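Trainee: sequence unknown, structure follows:
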């Protein structure tokens, strides 16, 4: 059976991603969707992006990809003083300098063509969420990539027939949730368990077809597999 697998914010943790995928063992019939924020904070952003870019998998734009695009906007990367890059991007730029700096413009072009969301019928995948006060055609990259509290506090589902799956906000920052757990609200499910943060370290993948959660800890290298019902907390 074809599985639909969603992966939360990787944030440059290539080794953790490889460990997670080894546990998942996706085959060629499975559909894998990344929820953005492949880069920044971790040591191997360039490697993560190159892997996803060359894979058969899908990815939406995250706010960290958008921030890097904004940083290099209207500038030739080759002429940018990379050594003086903002500390926000230092680890990301270092990863390109250590691997292959010629990949940076290629990856920026790839980022610029990533979709803001994926409508999969019963599931709507986006990085940050939606503004519950705006119609879908009135929303922009700002809402889809950046929104947090107004989305998480929705009193009713935005879509009557679609579950919104997001990353962006580490789940333990929503209402005191235990690090490593997922969070579900009114019509949405957050699977970003804060891999980059030592309070958690868990990188999460959700197999929606079988309601199974796969996790790899980028610091301890531990892995675990749980039923979704055992590892999700409901709020609201």
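Mentor: Sure thing, it's come through. Just so it is clear, the model here is predicted, and its values are computed rather than measured.
Trainee: might you report the residue contacts of the closest residue to residue 61 other than its chain neighbours?
Mentor: Spatially, and ignoring its direct neighbours in sequence, residue 61 is nearest to residue 114 (4.1 Å; Cβ to Cβ, 6 or more residues apart in numbering). (Each C-beta comes from the backbone N, C-alpha and C, glycine too.) Counting by Cβ atoms under 8 Å, 6 or more residues apart in numbering, residue 114 touches 36, 59, 60, 61, 65.
Trainee: how near is the second one to residue 48?
Mentor: Here the criterion is Cβ to Cβ, to the nearest Å. By it, residue 59 lies 10 Å from residue 48.
Trainee: who's in contact with stretch 59-75?
Mentor: 9, 11, 33-40, 52, 80, 85-86, 88-89, 92, 108, 111-112, 114-118, 125-128, 141, 144-146, 167-168.
Trainee: try 7 Å
Mentor: For stretch 59-75, the surrounding residues in contact (Cβ atoms under 7 Å, 6 or more residues apart in numbering) are 9, 34-40, 52, 80, 86, 88-89, 92, 108, 111-112, 114-118, 125-128, 141, 145-146, 168.
Trainee: same deal with stretch 20-27?
Mentor: For stretch 20-27, contacts defined as Cβ under 7 Å, 6+ apart pick out 5, 32, 203, 205, 214, 216, 223, 225.
Trainee: ok, now with 8 Å
Mentor: Contacts of stretch 20-27 (Cβ under 8 Å, 6+ apart): 3, 5, 7, 32, 203, 205, 207, 214, 215, 216, 223, 225.
Trainee: pull out the buried residues from the residues you listed.
Mentor: 3, 5, 7, 32, 203, 205, 207, 214, 215, 216, 223 (16 or more other Cβ atoms under 10 Å).
Trainee: about what we covered before: so which of the contacts of stretch 59-75 belong to strands?
Mentor: Residues of those located in strands (DSSP state E): 34, 117, 118, 125, 126.
Trainee: tell me the one of the residues you listed nearest residue 136?
Mentor: The closest of the ones in strands among the contacts of stretch 59-75 to residue 136 turns out to be residue 117 (Cβ to Cβ; 9.2 Å).
Trainee: ok, now which ones touch the closest one?
Mentor: With Cβ under 8 Å, 6+ apart, residue 117 has these contacts: 60, 124, 125, 126, 144.
Trainee: same check on residue 94?
Mentor: With the criterion set at Cβ under 8 Å, 6+ apart, residue 94 makes contact with residue 43.
Trainee: pull out the buried residues from the helix or strand where it lies.
Mentor: Using DSSP states H and E, the element containing residue 94 is helix 90-98. Buried residues in helix 90-98, counting neighbours by 16+ other Cβ under 10 Å, are found at 91, 92, 93, 94, 95, 96.
Trainee: number of nearby residues for the residue nearest to residue 118 when sequence neighbours are not counted?
Mentor: Of all residues not flanking residue 118 in the chain, residue 125 sits nearest, at 4.4 Å (Cβ to Cβ, 6+ apart). Other residues within reach of residue 125, judged by other Cβ atoms under 10 Å, total 25.
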